[in-house]
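Take this sequence and fold it.
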Amino acid sequence: MKHEAEMREERSGKEDGRAVGGDAGGLTGSGGKAGGDVVRKFGAAGKQTARGSTRTEAVGGGVSSGGVSAGGVSAYPESVQRLIDELAKLPGIGRRSAERLAFHVLKTDRDEALKLARAVSDVKRTVRHCGVCFNLADGAGMKSGSGTSIAVEGSGEETGASEGAAAVPERGGSGGAMCRICASGNRDRSTVMVVEQPKDLIALEQTGMYKGVYHVLMGRISPLDGVGPGDVTIGELMGRVSDPEANAGGVAVREVVLALNPTLEADGTALYIAEQLGRTGKSVRVTRLARGVPTGTQLEFANKAVLADAIQGRQKML
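Presented below is the predicted three-dimensional model:
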């Protein structure tokens, strides 16, 4: 009896084990099936996404932003495409802006468009450096081929000069073009203000506070960039100080105002000019523009360099 009970117990345990194992296998199988379903669903979604992206590429790939079709052929006429390409070379003008400007030119009247073309042509054909101060001058009355073409910092037309200095044109002398400031009899020609570029001259002139004449260096001394004293018009400035006939109206220079930018290279250039002026043997007063705290600024927001210049350049009130 005992033996039979043990046998029945053993068979019962085996059956229970098979039941448990079968259930577990069923669960595993159903889990695998569910996992397969999930994989198939995600796979289908991936295929749909891929098909959607393919359709998007097909739709969006017709014409690129540059007006070039999918086959690499420009969608614009050749003349319009050339106009867009040239306008896109201008500083601050992107491809989209160039396209808008080109369409604006197309929409305007023929006469207006030709006025723009003539203005660009006249600027490159007639504008020269002043034969005295190297400011911009209108050389419309000069013979063809005479004078010196414009070489402005960053214009991409400098020859033989490093970055920071434009090519130094030859002095035009009495036969060269003269700017309106040097030609004006209402200016104090004995006072010469030295600036780096013509755009600096224009900014100072717009204040209406200065009544003298100018001298444009066409750059600044920058040894790290390979720009030396011979790459700017310091020699011509010394010639104006030494020889009154080289100055506008043949007037002797009594004061030189250094109006260079407040940078390390410009300060070095100013010191070099002051030293060279001292060696001319002429009684010339050398000054520079005042520096310090600008009007409307609070001291707590001013940097150390500005405050240092303000302290050194303090003025007497009583």
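
Flag the shaky bits of the stretch 51-200 of the chain, pLDDT-wise.
The model of the stretch 51-200 of the chain has pLDDT under 70 over residues 51-73, 140-176.

Which pLDDT value belongs to Glu275?
The score at Glu275 is 95. That number is its pLDDT.

Now for it, how many residues are close by?
Neighbour count of Glu275, defined by other Cβ atoms under 10 Å: 10. Where you see a C-beta, it was placed from the backbone N, CA and C, and this is true even at glycine.

Check the one 4 residues further on too.
Counted with other Cβ under 10 Å, the burial measure for Arg279 works out to 8 neighbours.

Tell me which helix or strand Pro294 sits in.
Assessed by DSSP states H and E, Pro294 sits outside every helix and strand.

That one and Val257, how far apart?
For Pro294, the distance to Val257 equals 19 Å [Cβ to Cβ, to the nearest Å].

Those two: who's more crowded?
When Pro294 is set against Val257 and neighbours are counted by other Cβ under 10 Å, the residue ahead is Val257, at 19 against 9.

Wasn't Val286 part of a strand?
Yes. Assessed with DSSP: H, G, I helix; E, B strand; the rest coil, Val286 lies in a strand.

Could I get the contacting residues of it?
Glu255, Val256, Leu258, Ile273, Ala274, Leu277, Gly278 (Cβ atoms under 8 Å, 6 or more residues apart in numbering).

what would the residues you listed look like in JSON lines with secondary structure, neighbour count and distance to Pro244?
Formatted as JSON lines, these follow (DSSP: H, G, I helix; E, B strand; the rest coil; neighbours: other Cβ atoms under 10 Å; distance: Cβ to Cβ, whole Å):
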{"residue": "Glu255", "secondary structure": "strand", "neighbour count": "14", "distance to Pro244": "14"}
{"residue": "Val256", "secondary structure": "strand", "neighbour count": "23", "distance to Pro244": "14"}
{"residue": "Leu258", "secondary structure": "strand", "neighbour count": "20", "distance to Pro244": "20"}
{"residue": "Ile273", "secondary structure": "helix", "neighbour count": "24", "distance to Pro244": "19"}
{"residue": "Ala274", "secondary structure": "helix", "neighbour count": "15", "distance to Pro244": "20"}
{"residue": "Leu277", "secondary structure": "helix", "neighbour count": "21", "distance to Pro244": "15"}
{"residue": "Gly278", "secondary structure": "helix", "neighbour count": "11", "distance to Pro244": "19"}
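
Just say helix, strand or coil for Val213.
At Val213 the chain is in strand, as set by three-state DSSP.

What segments of the stretch 201-318 of the chain are strands?
212-216, 255-258, 285-288 (DSSP state E, counting those that start in this stretch).

With distance to Ala248 as added columns, please give these in a markdown table.
Formatted as a markdown table, the strands of the stretch 201-318 of the chain follow (distance: least, Cβ to Cβ, whole Å):
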| stretch | distance to Ala248 |
| --- | --- |
| strand 212-216 | 5 |
| strand 255-258 | 14 |
| strand 285-288 | 18 |
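
Just send these back as CSV, with mean pLDDT too.
Shown next, in CSV, are those (pLDDT from 0 to 100):
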stretch, mean pLDDT
strand 212-216, 97
strand 255-258, 96
strand 285-288, 95
